[in-house]
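Colleague: How does the following fold in three dimensions:
(2 chains)
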Amino acid sequence: EAGVAQSPRYKIIEKRQSVAFWCNPISGHATLYWYQQILGQGPKLLIQFQNNGVVDDSQLPKDRFSAERLKGVDSTLKIQPAKLEDSAVYLCASSSPRVGNEQFFGPGTRLTVL
Amino acid sequence: KNEVEQSPQNLTAQEGEFITINCSYSVGISALHWLQQHPGGGIVSLFMLSSGKKKHGRLIATINIQEKHSSLHITASHPRDSAVYICAVRLRGNEKLTFGTGTRLTIIP
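Modeller: Predicted structure coming up:
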């Protein structure tokens, strides 16, 4: 079974530019999560989808961050415009009741904002 | 105070040593995860447990629900075990994970 896929793996942009990250969860996993992990800290949940609906986006900075999962499968996370403090690893995870709701993580996208 | 506390924050040991990483939490949980994160950023799930003890190869995880404490042990440590180990708890009643800040483990050959 393929794992959670993310792209790109690395991205360097200048502040005020836009960037988008892509995630393809494990096949059949209805729940998808986006996390932000700043260096030296644990991951912080940005948004949780159940199929194509948002379950929790309370910590998503909605003035600059947006996410969608239109067909309930893969998802994109966008930052527009980026700030220096957005430099972090962006992790995608998926889960399913079939596997006890254990979350499986992708390799992450390391974003550097200059 | 964080809901999930890990200790130590950093740990350096010689190859072959027995390693213990601790995790304490202050909330009601349905499960606790131990995760491994290598420098590239990706996270691998090592264990998910809600009671007792689990073993996989040289890794052992234990949890004491009454004391709200879990430990991750590595026997016969190896340089390839060098990584950040993260404790995360699943809050009772929802699937949200709350993460500790991680323990950076370095095993010296």
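
Colleague: Please list all residues in contact with A:Lys83.
Modeller: A:Lys15, A:Arg64, A:Val113 (C-beta atoms under 8 Å, 6 or more residues apart in numbering or on different chains). Just so you know, the C-beta spots here come from the backbone N, C-alpha and C atoms, and that holds for glycine as well.

Colleague: Enumerate the residues of chain A near chain B.
Modeller: A:9, A:31, A:37, A:40-45, A:48, A:56, A:89, A:91, A:93, A:95, A:100-110 (C-beta under 8 Å from any C-beta of the partner chain).

Colleague: Name all residues that make contact with residue 13.
Modeller: Let's take chain A. The neighbours of A:Ile13, taking C-beta under 8 Å, 6+ apart as the test, are A:Val19, A:Ala82, A:Leu111, A:Thr112, A:Val113, A:Leu114.

Colleague: if you could check chain B rather than the one you did, that'd help
Modeller: By C-beta under 8 Å, 6+ apart, the contact set of B:Ala13 is B:Ile19, B:Ser77, B:Leu105, B:Thr106, B:Ile107, B:Ile108.

Colleague: Can I get the buried ones among those residues as something I can paste into PyMOL?
Modeller: Those of those that count as buried under 16 or more other C-beta atoms under 10 Å in any protein chain shown are selected in PyMOL with:
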select buried, chain B and resi 19+77+105+107
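
Colleague: and which of the contacts of B:Ala13 is nearest to A:Ser75?
Modeller: B:Leu105 (31.7 Å; C-beta to C-beta).

Colleague: Tell me if I'm right that that closest one and B:Ile19 touch.
Modeller: Yes. Contact criterion C-beta atoms under 8 Å: B:Leu105 and B:Ile19 qualify, at 6.6 Å.

Colleague: shared neighbours of the two, anything?
Modeller: Shared contacts of B:Leu105 and B:Ile19, defined by C-beta under 8 Å, 6+ apart, comprise B:Leu11, B:Ala13, B:Ile74, B:Asp81.

Colleague: Please name the bridge partners of the closest residue to the first one other than its chain neighbours.
Modeller: Yep, that's B:Leu11 we're talking about. Excluding its sequence neighbours, the residue lying closest to B:Leu11 (C-beta to C-beta, 6 or more residues apart in numbering or on different chains) is B:Leu105, at 5.1 Å. Bridge pairing for B:Leu105 (DSSP bridges) gives the partners B:Leu11, B:Ala83.
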